[in-house]
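> This is a predicted model, with the sequence first.
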Amino acid sequence: MKRPTARDVAELAGVSRAAVSFVFSGRAAGNLSAETQKRIKEAADQLDYRPDEVARSLRKTRSAVIGLLSDEIATSPFAGRMVLGAMEAARERGHQVLLLESRLDPAAEAEAVAELRARRVDGIVYAAMSMRRTAVPEGIDPARAVLANCLPREPGSYACVVADERAGGRSAVEVLIEAGHREIALLGGEKGDLAASDRARGATDGLRAAGIVAREEWTLHAGWQIDEGYAAAVRVLDQAVRPTGLVCANDRVATGALLAAARLGIDVPHELSVVGYDDQDQMAGHLVPALTTIALPHHEMGATAVRTLLDAADAGVDVDRSGAHLLTCPVITRDSVRPPRRT
C-alpha cells in the first residue's frame, strides 16, 4: 500500500502543502489558526500519515547561505539597493548572501552557477539590473531560485519579483492630474523595451481614466538618455501650444527636459511641471528644481526575493512559480510639480 504523503494530507484538509509542513515542523504557531492546525492533524490521523524523518533531517542540513548572481552590479546605479535589501532580509533569518557577478558573460555565468551549487547554497537569486525577459543560466534549479527585476522567457518556469511598471506609469500621470494638469505630454523610453512599454501603457491608462486624450504630437519615444530627453522635449515645447506637464521615461530623460525648458525660457515648475521615473541616486534629488519621480523598489526586490526563497525552504516546499510578484513603485514628491498657471 502506498505510504500517504504531505500532499495527501493537504488535499484532505483543504490546505496547502506548506501548511502541513508548518504543523509537523513545529512552526504552526503564529502562521496557522488553531482550527486549521486541528484540521490538518485530523486529516493526518485519518490517513495514518507520519513525516519522513530521514527526509526531514536532510532538509535541515542547510548552508545558511543564499547565492545572489547578477549581470552587472558594478555598473548599475541601482545595484546597491537590491544587494542591501537581499542582505538585510537574509540576516534577519540567520543567513548570509554570497554575491557573484557575470557581466553578461556566459562562461562567467556558468562558473558562478557551478560555484553556488558546490557551496550548496539554500537558494539562488538571479538578478538583472535592467528589466527584461531573460534566459536563466543552466543549472539553476527553479524549485530553489527567484528572479529579481527580470522575467523568465517561458512564463511560469521560474518565480520572479519585479516592479509593477504599469502601475508606476499610471502613478506618474496621476501626479500631474491631481495637481490640476490636463495638457500632458508623454516622453516614453526606448521603443520595444519591456519597462518602457509597461510605463507607457500605465500612463495611457491614467490619461484615459481622467478622460484625457493623449495628443499624438505630444507622445514620443525619447529613449533613455539626457540628450534624447532634451531633443524630445524641444520638439514638444517649442510650439505655439505646449503642454503644462511632462511625464518622462526616466530621470535622465527628465534631466534633458529640464535643460530644454531652460533653453526655451520656460520656468519649471511654474510654467511646466515635470515627473521622472527611477529616483536615480545622485541625480533626481539634486536637480534644480529637485525632481518629483517614481521610485523603483530595488531594495524591496532584493528583500522579497530572499524571503520568498527562505519561506519555501523553511516550509520544505518548492518556490511558488505560479505568477510574478509585483512590487509597488512609490511616488517621490519633490519640487518639479506645481498646479498649472491659469490664463
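Happy to help now that I have it.

> which residues sit against stretch 252-270?
For stretch 252-270, the external contacting residues (CB atoms under 8 Å, 6 or more residues apart in numbering) are 187, 189, 222-234, 237-238, 242, 246, 248, 271-272, 274-277, 280, 283-284, 287-289, 291, 293, 335-338, 341. Yep, even glycine has a C-beta here, placed from its N, CA and C like the rest.

> Show the buried residues in these.
187, 189, 222-226, 228-234, 237, 242, 246, 248, 271-272, 274-277, 280, 283-284, 287, 289, 291, 293, 336-338 (16 or more other CB atoms under 10 Å).

> And the contacts of stretch 310-321?
Residues outside stretch 310-321 that contact it (CB under 8 Å, 6+ apart) are 17-18, 21-22, 25, 27, 56, 59, 62, 66, 89-90, 93, 95, 122-123, 142-146, 156-159, 308-309.

> List the buried residues of that stretch.
Buried residues in stretch 310-321 (16+ other CB under 10 Å): 310, 312-317, 319, 321.

> just those residues now: which is nearest residue 39?
residue 315 (17.4 Å; CB to CB).

> Just the pLDDT at the closest one, thanks.
pLDDT recorded at residue 315 is 87.

> coming back round to it: so which of the contacts of stretch 310-321 are in helices?
If you go by DSSP state H, these have 17-18, 21-22, 56, 59, 89-90, 308-309 in helices.

> Out of these, which end up buried?
For the ones in helices among the contacts of stretch 310-321, a neighbour count by 16+ other CB under 10 Å gives the buried set as 17-18, 21-22, 89-90, 308-309.

> Dump those into a markdown table; add distance to residue 107 and pLDDT as well.
Below are these laid out as a markdown table (distance: CB to CB, whole Å; pLDDT from 0 to 100):
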| residue | distance to residue 107 | pLDDT |
| --- | --- | --- |
| 17 | 38 | 80 |
| 18 | 37 | 78 |
| 21 | 38 | 78 |
| 22 | 42 | 78 |
| 89 | 30 | 95 |
| 90 | 28 | 94 |
| 308 | 29 | 95 |
| 309 | 26 | 95 |
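
> Residue 38: which of those is nearest?
Closest to residue 38 out of these is residue 22 (13.3 Å), distances taken as CB to CB.

> Where do the helices of the stretch 151-300 of the chain begin and end?
Under the criterion DSSP state H, counting those that start in this stretch, helices of the stretch 151-300 of the chain are mapped to 165-178, 194-209, 226-237, 251-263, 298-315.

> Which among those helices is found nearest to residue 109?
Between residue 109 and these, the shortest separation by CB to CB is 17.9 Å, and it involves helix 298-315.

> Now do that closest one: distance to the chain's middle.
Centre-to-centre, helix 298-315 and its host chain are 12 Å apart (CA atoms, centre = their mean, to the nearest Å).

> relative to helix 17-24, how tilted is it?
For helix 298-315 against helix 17-24, the angle by axes from the mean of the first three to the mean of the last three CA atoms, to 10 degrees is 60 degrees.

> Among the buried residues of stretch 310-321, which pair sits farthest apart?
314 and 321 (17.6 Å).

> in stretch 118-134, what's buried?
Buried residues in stretch 118-134 (16+ other CB under 10 Å): 121-129, 131, 134.

> again, but for stretch 192-202
Neighbour-count burial for stretch 192-202, with 16+ other CB under 10 Å as criterion, is recorded at 193-200, 202.

> In contact with residue 40: list those residues for me.
9-10, 13, 15, 19-20, 23, 32.

> From residue 253, how far out is residue 168?
Note on residue 168: its distance to residue 253, by CB to CB, to the nearest Å, is 15 Å.

> In terms of packing, which of those two has more residues around it?
Taking other CB atoms under 10 Å, residue 168 and residue 253 do not tie; residue 253 has more neighbours (29 against 25).

> And that one, how close does it get to residue 8?
Residue 253 is 56 Å from residue 8, by CB to CB.

> Flag every buried residue along stretch 286-303.
Neighbour-count burial for stretch 286-303, counted by 16+ other CB under 10 Å, picks out 287, 289, 291-303.

> Quick check: the two most widely separated of the residues you listed?
It's 289 and 303 that sit farthest apart of the buried residues of stretch 286-303, by CB to CB, at 31.5 Å.

> Go through the ones in helices among the contacts of stretch 310-321 and say which is closest to residue 39.
For these, the nearest to residue 39 is residue 22 (12.7 Å; CB to CB).

> Please list all residues in contact with that closest one.
Taking CB under 8 Å, 6+ apart, we find residue 22 in contact with 28, 31-32, 315.

> go with 10 Å
By CB atoms under 10 Å, 6 or more residues apart in numbering, residue 22 lies in contact with 15-16, 28-32, 36-37, 40, 314-316.

> Including distance to residue 177, could those go into CSV?
Listed next are those as CSV, based on distance: CB to CB, whole Å:
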residue, distance to residue 177
15, 44
16, 41
28, 47
29, 47
30, 43
31, 42
32, 44
36, 44
37, 49
40, 49
314, 44
315, 43
316, 48
